[in-house]
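**Student:** Structure of the sequence below:
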Amino acid sequence: MAAMPEKPAPATPRRKVSRHRGEGQWAKGHFTPLNGTEQTKKDDDGLNVRTRIETTYARGGYDSIDPADLRGRMRWWGLYTQRKPGIDGGKTAILEPEELDDRYFMMRVRVDGGRLTTEQLRVIGGVSEEFARGTADITDRQNIQLHWVEIENVPEIWRRLEEVGLTTTEACGDVPRAILGSPVAGVAADEIVDGTAAIQEIRDKYIGSKEFSNLPRKFKTAISGSPLLDVVHEINDVAFVGVDHPEHGPGFDLWVGGGLSTNPKIGVRLGAWVPAAEVPEVWAGVVGIFRDYGYRRLRGRARMKFLVADWGPEEFRRVLQDEYLGRPLADGPAPAEPVSRWRDHIGVHPQKDGRFYVGFAGRVGRIDGATLTKVAELAAAHGSGRLRTTVEQKLIILDVAADRVDSLVEGLESLDLQVRPSPFRRGVMACTGIEFCKLAIVETKQRGAALIEELEHRLPDFDEPITINLNGCPNACARIQVADIGLKGQLVLDGDGNQVEGYQVHLGGTLGVDAAFGRKVRGLKITADELPDYIERVLSRYRKEREDGERFAIWAARADEEALS
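**Tutor:** Okay, here's the model as predicted:
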């Protein structure tokens, strides 16, 4: 008797539709837009909006802007509408976009590798003073953000920035965002390999190109050859990490699939070694995979980390090699443990040419245009005209002669920019928060600055490395899950039952060889007013209970919940 054919498993209509449309992966033939954002991008490439800004919107004003450009394509040129003043956090998820939108914009100036000149910083400072009410924030992705920008002034701002080699191209949007790079690439005495040329080639060849101007969502890159592991490579979509191969010499270890937000994932090693000259080609291959195989159906799953989690590192490497590079990559070693617990380059450090670089800290990345101009003047007077931003919202001046260091430090500290900051000035980070961000629920910048002062007063002898990151919403722009103390903004109830600004607490997050996300203590939520008391209490317990040399993250992982409450 012939065998009966296998009976197919029953499927609901919903499952049939889901299989038919898949995840919106282009490589599998799913080109039909499956959500409004994908339709907007198909209707017109985001890069094309610049012409309309210059010829129509800047002349016609805010009311002339097409909504699809206003809340979509303008991001491709670094522009977001900012939050209308006076709207409390309880209304963030309730109001329609047009109710949250102010008539002003945040503008993000792209700073690949954190590389700036004194001339560029002067221009940013001048633009801030003239067009942005003096505002400027150094971000944790090495960019500089301005606020209160009016659409009528955007073409003139672009002209001034581009005259000195700066750009806002693809600073936001579903594109390759600014490339993180070691802020001391090419100068640090202990550098493994210099990634500067690779960053520049990627920027010149691919940024602003329509080859990668329609990705499923934003794409984040990190390239560093520093033994400090100074670009948070573990939480980027793709990262190239400096290693010394026993046979081939210095090069990069390739990582993919890291990211935070509401579904955090640590990136994974592909086990592949990439020579510096091949980084741009391999980078383009990885971005090509994301463009072609990335999930476009649901925005919440349209990040590289979900594709990598589904495929695994072996399959990802196979596709990269077979379909995009056409050749195998060499196997290579993993990066060594960071050589320091601080990875921010704060302080005075020797360069390989005998000069010094000087890293300094403001307060939670907030700085005004006038101060930026003064920093540029100090850098010109004491160095060679080169500065860097860092992924910790800090600044560095390069190429300082030994006999100029003390004078530079004195000048910086006169601007309240600390070269020898307290652990709290050094380790507190904050996102934009409710002051300008339409996604935020609570205030962050002013609270972070006030927290620094309060902790310096309460714990003046605290001398351990500590990171305290404040985020205004669950999206983790300030990397709350990988901070020693991460604070996720939300509305909570105070002792009288009133709804007030507060935070959910994450404890013991860390990056490096033992990268891990912070733990949450069940039911632990604190009001904004309780924040200084809570952190003082936890840090005091840590100092009392820690073992010799034990980091806060290790202690927090083993401590009982009572000690963390």
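
**Student:** For the residue nearest to Ser64 when sequence neighbours are not counted, the count of nearby residues, please.
**Tutor:** Leaving aside its chain neighbours, Ser64 sits nearest to Tyr57 (5.5 Å; criterion: C-beta to C-beta, 6 or more residues apart in numbering). Heads up, the C-betas are built off the backbone N, CA and C, glycines and all. Neighbour count for Tyr57, taken as other C-beta atoms under 10 Å: 22.

**Student:** what's the distance between Tyr57 and Met74?
**Tutor:** 9 Å (C-beta to C-beta, to the nearest Å).

**Student:** try Glu536
**Tutor:** Using C-beta to C-beta, Glu536 is found at 43 Å from Met74.

**Student:** hmm, back to that, between Tyr57 and Met74, what contacts are shared?
**Tutor:** In terms of C-beta atoms under 8 Å, 6 or more residues apart in numbering, Tyr57 and Met74 are both contacted by the residues Ile65.

**Student:** ok, back up a step: so for Glu536 and Met74, which residue has more residues nearby?
**Tutor:** Set Glu536 next to Met74 and count neighbours by other C-beta under 10 Å: Met74 wins out with 26 against 16.

**Student:** Report the contact partners of the residue lying closest to that one once chain neighbours are set aside.
**Tutor:** Distances taken as C-beta to C-beta, 6+ apart place Val49 nearest to Met74, at 5.7 Å, with adjacent residues excluded. The contact partners of Val49, by C-beta under 8 Å, 6+ apart, come to 69, 73-74, 76-77.

**Student:** Take those and write them to JSON lines, including distance to Ala401.
**Tutor:** Formatted as JSON lines, the contacts of Val49 follow (distance: C-beta to C-beta, whole Å):
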{"residue": "Asp69", "distance to Ala401": "49"}
{"residue": "Arg73", "distance to Ala401": "47"}
{"residue": "Met74", "distance to Ala401": "44"}
{"residue": "Trp76", "distance to Ala401": "42"}
{"residue": "Trp77", "distance to Ala401": "40"}
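
**Student:** Show me these that map onto helices.
**Tutor:** Judged by DSSP state H, helices contain the following of those: Asp69.

**Student:** want to try CSV for the contacts of Val49, with pLDDT and distance to Val193 as columns?
**Tutor:** Listed next are the contacts of Val49 as CSV, based on pLDDT from 0 to 100; distance: C-beta to C-beta, whole Å:
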residue, pLDDT, distance to Val193
Asp69, 98, 41
Arg73, 98, 37
Met74, 98, 37
Trp76, 98, 32
Trp77, 98, 33
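
**Student:** now the strands: where do they sit in the stretch 51-200 of the chain?
**Tutor:** Assigned by DSSP state E, counting those that start in this stretch, the strands in the stretch 51-200 of the chain fall at 79-83, 101-109, 115-117, 137-138, 144-149, 176-181.

**Student:** State the paired neighbours of the longest one in the sheet, together with their directions.
**Tutor:** I take that to be strand 101-109. Sheet pairing for strand 101-109, assigned by DSSP bridges, gives strand 79-83 (antiparallel), strand 144-149 (antiparallel).

**Student:** which sections of the protein are below the confidence cut-off?
**Tutor:** 1-21 (pLDDT under 70).

**Student:** change it to 80
**Tutor:** Counting by pLDDT under 80, the chain has low-confidence residues at 1-22, 513.

**Student:** Centre-most residue in it?
**Tutor:** The centroid of the chain falls nearest to Arg141 when counting by C-alpha atoms, centre = their mean (3.9 Å).

**Student:** Please look at it and Glu392 and confirm they touch.
**Tutor:** No - with contact defined as C-beta atoms under 8 Å, Arg141 does not count as touching Glu392 (10.8 Å).

**Student:** Between the two, which contacts overlap?
**Tutor:** Counting by C-beta under 8 Å, 6+ apart, nothing touches both Arg141 and Glu392.

**Student:** could you pull out the strands for the stretch 351-500 of the chain?
**Tutor:** 356-360, 386-389, 395-400, 428-430, 468-471, 485-493, 499-507.

**Student:** Give me the contact list for the fifth one.
**Tutor:** In other words, strand 468-471. Outside strand 468-471, the residues that reach it (C-beta under 8 Å, 6+ apart) are 364, 424, 427-431, 433, 444, 447-448, 451, 477-480, 483-489, 503, 535.

**Student:** Equivalent analysis for the first one, please.
**Tutor:** Residues outside strand 356-360 that contact it (C-beta under 8 Å, 6+ apart) are 183-184, 187-188, 344-351, 390, 394-402, 405, 408-409, 412, 417-419, 421.

**Student:** Now with 6 Å, please.
**Tutor:** Residues external to strand 356-360 that are found in contact with it (C-beta atoms under 6 Å, 6 or more residues apart in numbering): 184, 345-351, 394-398, 400, 405, 408, 412, 417, 419.

**Student:** Please apply the same query to the last one.
**Tutor:** For strand 499-507, the external contacting residues (C-beta under 6 Å, 6+ apart) are 442, 480-481, 486-492, 494, 518-520, 524-528, 556, 564.

**Student:** Equivalent analysis for the third one, please.
**Tutor:** Contacting residues not belonging to strand 395-400 are listed as 183, 187, 345, 355-360, 379, 382-384, 386-388, 408 [C-beta under 6 Å, 6+ apart].

**Student:** Please could you give me each C-alpha atom of it, formatted as CSV?
**Tutor:** Taking C-alpha atoms only, strand 395-400 is exported to CSV below (Å, rounded to 0.1, in the frame of the first residue of the first chain):
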residue,chain,number,x,y,z
LEU,A,395,35.1,66.7,25.8
ILE,A,396,38.9,66.3,25.2
ILE,A,397,41.5,68.7,24.0
LEU,A,398,44.4,67.0,22.1
ASP,A,399,48.0,67.9,21.5
VAL,A,400,48.9,69.9,24.6
